[in-house]
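# make a model of this:
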Amino acid sequence: MAEQRDDGKPGNEPGTDIEPKAGGQPAPRLDEEQLRQFQQFQQFQDYLKFTEAQQQGLVPSQPAQPVTQHYGGQPPVPPGPPPGELVPAPRQRVPRWLRRLGGKLLAWVIVIVLICVGATIAYRQIFPDDEGKTSEQVAAEGGGTYKTNKILTSASPYEAVRSVYDGIAQHGAGEKSMVALVCGKFEERTQQQFAIDVNAKDCRDAVEKLHTEVKPGKVNDYAESISKRSGWPPGASVLVKSCDFIITGGPALGDFTVSTVQNGQWLITEHAPGPKACPPLSPSTTPS
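Coordinates of the predicted model:
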């Protein structure tokens, strides 16, 4: 016997017609399996509509998923990335303690590098490298190193004085500077005396100032003003007077006391001013 509905009409049992079709013809009868498949098909259509709306931006990217009950089988699988496309792995966050440790290590490395650079600069200032320097440069900068090493090229007192004239004549800017060569011929305390005697503030200034007084075209003549004598008076010191020679092309530089030092070397140990222009030499005093 058919069940009665609230409105007095006979009800439908499970598996019977859902609604009568138009014209009074009953709808096809659905069993339980067909009803379950029909419901799954409706759910799948709803999911496709939701996915399409999400791609068009009509719904939030991550809406709350409604809780649905599935009547058998697996729920529809949402579409994944296209085949062959790589999915980036989630980026792992570096622990905070590791970041702090790395920052401290980097700071210490920078401090150590700065200390090493500063120590290297200080060492080179205190202990300059003599590589590539002439013996006169080493003598001028070292102050007394000739006592233990044969670094002075002057093998005679006249050669020491001739080198002073030659250096002043050949002096130039940059790598052509002859300041170290000229000043290296003097004992350290005598360098300042020489500068005072020629009205300069120091030995470097004396070389640069005297070079400007050498006449153009007379550089070689001035450089060879002091002849290389083969003999000299006996004794540990020899007085070499500029006016005992013919000074050509520039100023006379006064009187030099040249003394023998360690290893058979000659060093200018005293200086005295003299006339910038020497009187003509008599035949008896003309240098040989």
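# could you list the low-confidence segments of the stretch 51-200 of the chain?
Where the stretch 51-200 of the chain drops to pLDDT under 70, the residues are 57-90, 125-153.
# would you map the helices across it?
Using DSSP state H, counting those that start in this stretch, the helices of the stretch 51-200 of the chain run over residues 96-126, 135-142, 157-170, 179-183, 188-197.
# dump the ones you listed into a markdown table; add mean neighbour count as well.
Glycine gets a C-beta too; all of them are placed from N, C-alpha and C. Output for the helices of the stretch 51-200 of the chain, formatted as a markdown table (neighbours: other C-beta atoms under 10 Å):
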| stretch | mean neighbour count |
| --- | --- |
| helix 96-126 | 10 |
| helix 135-142 | 21 |
| helix 157-170 | 23 |
| helix 179-183 | 24 |
| helix 188-197 | 18 |
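# W232 is nearest to which of the ones you listed?
helix 157-170 (5.6 Å; C-beta to C-beta).
# ok and that closest one relative to helix 188-197, angle-wise?
50 degrees (axes from the mean of the first three to the mean of the last three C-alpha atoms, to 10 degrees).
# just checking, what packs against helix 157-170?
helix 179-183, helix 203-211, helix 219-223, strand 237-241, strand 255-261, strand 265-272 (3 or more C-beta pairs under 8 Å, 6 or more residues apart in numbering; DSSP states H and E).
# mind listing what the fourth one pairs with, with the direction of each?
The reference is to strand 237-241. Partners of strand 237-241 in the sheet, by DSSP bridges, are strand 255-261 (antiparallel).
# give me the contact list for the strand it pairs with.
With C-beta atoms under 8 Å, 6 or more residues apart in numbering as the test, strand 255-261 has contacts from 146-147, 152, 154, 157, 160-161, 164, 236-242, 266-274.
# now the residues you listed: which count as buried?
146, 152, 154, 157, 160-161, 164, 238, 240, 242, 266-271, 274 (16 or more other C-beta atoms under 10 Å).
# tally of neighbours for A173?
7 (other C-beta atoms under 10 Å).
# and it, how close does it get to C278?
29 Å (C-beta to C-beta, to the nearest Å).
# what pLDDT does D46 get?
We note a pLDDT of 83 for D46 in this prediction.
# in terms of secondary structure, what does the helix or strand where it lies contact?
Applying DSSP states H and E as the criterion places D46 in helix 32-55. If you count contacts as 3+ C-beta pairs under 8 Å, 6+ apart, helix 32-55 packs onto no helix or strand.
# would you mark the buried spots in it?
Applying 16+ other C-beta under 10 Å to helix 32-55 flags 40, 43, 50 as buried.
# same check on stretch 227-234?
Applying 16+ other C-beta under 10 Å to stretch 227-234 flags R229 as buried.
# let me know the average pLDDT across that stretch.
79.
# what distance separates the start and the end of it?
19 Å (C-alpha to C-alpha, to the nearest Å).
# in CSV, list the helices of the stretch 51-200 of the chain along with distance to R204.
CSV is the format used below for the helices of the stretch 51-200 of the chain (distance: least, C-beta to C-beta, whole Å):
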stretch, distance to R204
helix 96-126, 18
helix 135-142, 10
helix 157-170, 12
helix 179-183, 5
helix 188-197, 8
